[in-house]
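S.K.: Just a sequence and a predicted model for now, questions to come.
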Amino acid sequence: QSVLTQPPSASGTPGQRVTITCSGTSANIDVYWYQQLPGTAPKLLLFRNDQRPSGVPDRFSGSKSGTSASLAISGLRSEDEADYYCASWADKLSVVFGGGTKVTVL
Amino acid sequence: QVHLVQSAAEVKKPGASVQLSCKASGYTFTNYFLHWVRQAPGQGLEWMAIVNPSDGSTSYAQKFQGRVTMTSDTSTSTIYMELSSLRSEDTAVYYCAREERFLEWTTYRYNGMDVWGQGTTVTVSS
């Protein structure tokens, strides 16, 4: 079972760019990112490393290189304050989530 | 519109079992995998299980092997998860979520958990 490691917290002021890393990914396995606003169900933010679902602003972008993936939020806004989780498929049709990163807008 | 509607909150005693349901609507039930993901109070997301409704095949996180059973009913587009031998650490919000798989050349790829249920709170307390 793989382990995905994220920093527990990240912060920035409005308009800044914030980057969250997710390490421990497999080199040939896609990474997914979820946003969870307080008190709500998670929402798919990025799929297959860098693809945005319809309705997700292009302020959110993703990348992956080797065993590490990143989520970048540019033009940080107050409504981006949330928990962010990376995830990937692991052995035998299972999924693993990272520990989550709490983003604070200062 | 696509919806996943989950069953109501449950309160259980330690050692008991709980069965949760998740009813899908607005899409072809058998075209998407369905996951169960849980979140303990103040904690992160934890993947538990997956079912392929097209053939009923399942896969469980090692942590829950032997305690969890996931089933699907194509006649009602509903999935169920039973978790047994409950303990206080199982107190959490349980979510169902769907995910599409497709074949790209010879490799399966996935489109992420794009629709989530509203969550079901399970409280385990004596």
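M.R.: That came through fine. Here the structure is a predicted model, which is why all the values come from computation and not from measurement. Numbers count the residues shown, from 1 in each chain, chains lettered A, B, ... in the order given.
S.K.: Please list all residues in contact with the residue in chain B positioned nearest to chain A.
M.R.: Nearest residue of chain B to chain A: B:Gly112, at 3.4 Å (Cβ to the nearest Cβ). From N, CA and C alone the C-beta is placed, and that goes for glycine too. Listed by Cβ atoms under 8 Å, 6 or more residues apart in numbering or on different chains, the contact set of B:Gly112 reads A:32, A:44, A:46-48, A:53, B:99.
S.K.: now the end-to-end length of stretch A:85-96.
M.R.: Stretch A:85-96 has an end-to-end distance of 10 Å (Cα to Cα, to the nearest Å).
S.K.: Tell me the first helix or strand C-terminal of the lengthiest strand in chain B.
M.R.: Longest strand in chain B, counting residues (DSSP state E): strand B:92-104. For strand B:92-104, the following helix or strand on the C-terminal side (DSSP states H and E) is strand B:107-116.
S.K.: Can you list the strands that that next one pairs with?
M.R.: Taking DSSP bridges as the criterion, strand B:107-116 forms sheet pairs with strand B:92-104 (antiparallel).
S.K.: Now tell me what touches the partner strand from outside.
M.R.: With Cβ under 8 Å, 6+ apart, strand B:92-104 has contacts from A:41-42, B:2, B:4, B:6, B:20, B:22, B:24, B:27, B:31-41, B:43, B:46, B:48, B:79, B:81, B:108-117, B:119-122.
S.K.: So which of those belong to strands?
M.R.: B:4, B:6, B:20, B:22, B:24, B:33-39, B:46, B:48, B:79, B:81, B:108-116, B:120-122.
S.K.: Tell me the buried residues within those.
M.R.: Buried by 16 or more other Cβ atoms under 10 Å in any protein chain shown: B:4, B:6, B:20, B:22, B:24, B:33-39, B:46, B:48, B:79, B:81, B:110-116, B:120, B:122, out of the ones in strands among the contacts of strand B:92-104.
S.K.: tell me the contacts of the residue nearest the centre of chain B?
M.R.: When Cα atoms, centre = their mean is applied to chain B, the residue found nearest the centroid is B:Trp36 (2.3 Å). By Cβ under 8 Å, 6+ apart, B:Trp36 lies in contact with B:20, B:22, B:47-50, B:68, B:70, B:81, B:94-96.
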